[in-house]
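Chemist: predicted model follows, preceded by the sequence.
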Amino acid sequence: MLTFDQILPTISEELEGRRGWLATVEWLLINRDLTGRVRLIAPSVINGNAAVQRPSQGSTLGSADERSAGLSALADILTERLGPHAYPSAASILFEDDLSSACQGVAPFVLDGFANVWVADRLASESEWSRIAPESTGAPRVVFFSIKGGVGRSTALSATAWRLAQAGKRVLVIDLDLESPGLSSSLLPEGRQPVFGITDWLVEDLVDNADAVLEAMVATSVLSHDGEIYVVPAHGANPGDYVAKLGRVWMPKLARDGAREKWSARLKRLIGALEDRVRPDIILIDSRAGIDEVASSCVTDLGANLVLLFALEGSQTWTGYRILFEHWRRRGVAADIRERLQIVGALLPETEEIAYVEGLCERAADLFAEIYDAIPPGDSGAGKFHYEQSDSAAPHYPWGVKWHRSFVGLRSLDGRLAVIDLGQVDAIFGMLIDGVTNTVALDGIHD
């Protein structure tokens, strides 16, 4: 029995034998609906004749009759081959005037090997791993992301914020790990938490009441030095009915005129409002781990200038990232995101660190090979996005964060950072902090 993963390869097989017919069609859309069932959407001009006929012997290639008949034949064979993943032949073809109308707001991707065949995936969630927003032109936005939790991501973000503030920078920290909040506790002691958090704003925004919470959702950290750390937590000092609020933050906002603003667009609007209010030098965003709705917004939809991919050596890390990279490659958007990515070697062990980092680098280089430009034999590679495995400037070359017992757990981090010296922070997080500041061109960190 054919399964979901075989849908597109099967369609490709059938189209391969119909390239002559396909060349007469301006575009063809493979529409995969919420259940995974496939319909074909074709230009309305092909449906010019009410009756769909099989091509007669001697008919002219590219005639309306032949294009219509070819489409019908393709639909028939796909109904047969795709089984439960296809609609009955009589309901398997739709027509639209143009490709944009056929997509209805979904970002399509080109089917591998067929320049005029597109695929539109209708998803139950609004995650947009395939839609890469342009880089922000305001304060640099750095996203701390990991495929799995427990890698020290939030701790590293807190230490980075602390170090930048020590150097006089205004740092805006945003906790978007909404389903596992806790970052604010590492930077704000009890009693300094703001009244509201991000979940409050997203819920109130649905009823045009967001301004009521905006001024009371930012707190300053006592760890600030010459600069300032502004913290926006997932929830306020009193979480309230947090589960009920969390179930509503993903909602799109519907205007009176029927316009629909998806939740990630609302989130971008919030970050813009916070940036206008705080005027930071840099924005550090703690993303939810995994391949879910919050993570997709953080990594691809918020205009991140740098996305830090935290990694531990192990199959779970690389399998997860490979799924994501393969998705970008198949959707044809890898080139839009790859220059913003950077592997971070998390929790480097105290012993055999060199061998561990070499293993991380090898696995990361193998991962990034999927989205680097291919270099044919004899090609110098000039102008190509490609790095050798040993190139320390490559995005696959890990920025190391050392494991240290003083930084285990967020709960004690606030107190620890209050007494620690710069030298120890730089020894543990220095490569990461240097990488961030150099990549987003922040000056004055080591003056």
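Modeler: On my side now, so go ahead. Numbering: from 1, shown residues only.

Chemist: state the helix or strand in which R363 lies.
Modeler: helix 353-368 (DSSP states H and E).

Chemist: list of residues touching that helix?
Modeler: 311, 313, 318, 321-322, 325, 338, 341, 343, 345, 348-349, 387, 389-390, 394-398, 400, 402 (CB atoms under 8 Å, 6 or more residues apart in numbering). Bear in mind the C-beta positions are built from the backbone N, C-alpha and C, glycine included.

Chemist: and if we set it to 7 Å?
Modeler: Defining contact as CB atoms under 7 Å, 6 or more residues apart in numbering, one finds that helix 353-368 is touched by 311, 313, 318, 321-322, 325, 343, 345, 348-349, 389, 395-398, 400.

Chemist: what of stretch 245-265?
Modeler: Counting by CB under 7 Å, 6+ apart, 126, 128, 178-179, 199-200, 202-203, 205-206, 266, 293, 297, 301 sit against stretch 245-265.

Chemist: convert the C-alpha atoms of whichever helix or strand comes after the helix holding R363 to PDB, please.
Modeler: Downstream of helix 353-368, the next assigned helix or strand under DSSP H and E is strand 399-402. The C-alpha coordinates for strand 399-402 follow below in PDB (Å, rounded to 0.1, in the frame of the first residue of the first chain):
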ATOM      1  CA  TRP A 399      31.300  27.600  18.200                       C
ATOM      2  CA  GLY A 400      32.100  25.800  21.500                       C
ATOM      3  CA  VAL A 401      30.300  26.200  24.800                       C
ATOM      4  CA  LYS A 402      32.100  24.300  27.600                       C
END
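
Chemist: what packs against strand 399-402?
Modeler: strand 341-348, helix 422-439 (3 or more CB pairs under 7 Å, 6 or more residues apart in numbering; DSSP states H and E).

Chemist: just the buried subset of the contacts of stretch 245-265, please.
Modeler: 126, 128, 178, 199-200, 202-203, 205-206, 266, 293, 297, 301 (16 or more other CB atoms under 10 Å).

Chemist: how close does V207 get to G113?
Modeler: 48 Å (CB to CB, to the nearest Å).

Chemist: wait, I meant Q6
Modeler: From Q6 to G113 the distance is 16 Å (CB to CB).

Chemist: the more surrounded of the two?
Modeler: Between Q6 and G113, counted using other CB atoms under 10 Å, the more crowded position is Q6 (14 against 10).

Chemist: wait, a helix at the more buried one?
Modeler: Yes - per DSSP: H, G, I helix; E, B strand; the rest coil, Q6 lies within a helix segment.

Chemist: ok, K253 - how many residues close by?
Modeler: Residues near K253, counting by other CB under 10 Å: 18.

Chemist: so what pairs up with it in the strands?
Modeler: Counting by DSSP bridges, K253 is bridged to E261.

Chemist: for L206, see how far away it is.
Modeler: 6 Å.

Chemist: likewise for M1?
Modeler: M1 sits 43 Å away from L206, going by CB to CB.

Chemist: thinking again about what came up before, among the buried ones among the contacts of stretch 245-265, which ones are in strands?
Modeler: Assigned to strands by DSSP state E, none of these qualify.

Chemist: among those residues, which pair sits farthest apart?
Modeler: E128 and D200 (24.1 Å; CB to CB).

Chemist: can you find the helix or strand of the protein with the lowest average pLDDT?
Modeler: helix 413-419 (a mean of 58; mean pLDDT, DSSP states H and E).

Chemist: of the helices and strands packed on strand 399-402, which is nearest R163?
Modeler: helix 422-439 (5.0 Å).

Chemist: against which helices or strands is the closest one packed?
Modeler: Taking 3+ CB pairs under 7 Å, 6+ apart as the contact cut, helix 422-439 packs with helix 153-166, strand 399-402.

Chemist: residues of that helix that come out buried?
Modeler: By neighbour count with 16+ other CB under 10 Å, helix 422-439 contains the buried residues V425, D426, I428, F429, G430, M431, L432, I433, G435, V436, T437, T439.

Chemist: run through the helices of the stretch 151-300 of the chain in chain order.
Modeler: 153-166, 183-187, 198-205, 211-214, 242-246, 263-278, 293-296 (DSSP state H, counting those that start in this stretch).

Chemist: the first one vs strand 341-348, what angle?
Modeler: With axes from the mean of the first three to the mean of the last three CA atoms, to 10 degrees applied, the angle from helix 153-166 to strand 341-348 works out at 100 degrees.

Chemist: got the contact list for helix 153-166?
Modeler: With CB under 7 Å, 6+ apart as the criterion, helix 153-166 contacts 144, 146, 171, 173, 182-183, 186-187, 223-229, 282, 284, 286, 310, 401, 407, 410, 413, 417, 422, 425, 429, 432-433, 436.

Chemist: give the buried subset of these as a PyMOL selection command.
Modeler: Filtering these down to the buried ones (16+ other CB under 10 Å) takes a single PyMOL command:
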select buried, resi 144+146+171+173+183+186+187+223+224+227+228+229+282+284+286+310+401+407+410+413+417+425+429+432+433+436
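
Chemist: P43 versus the nearest residue to G149 once chain neighbours are set aside, what's the distance?
Modeler: Leaving aside its sequence neighbours, G149 sits nearest to A289 (CB to CB, 6 or more residues apart in numbering; 4.5 Å). Per CB to CB, A289 is found 43 Å from P43.

Chemist: so those two - more neighbours on which side?
Modeler: Neighbours were counted for A289 and for P43 using other CB under 10 Å; A289 has more, 23 against 20.

Chemist: contact partners for the more buried one?
Modeler: Here A289 is in contact with S146, I147, K148, G149 (CB under 7 Å, 6+ apart).

Chemist: swap in L341?
Modeler: V307, L309, P395.
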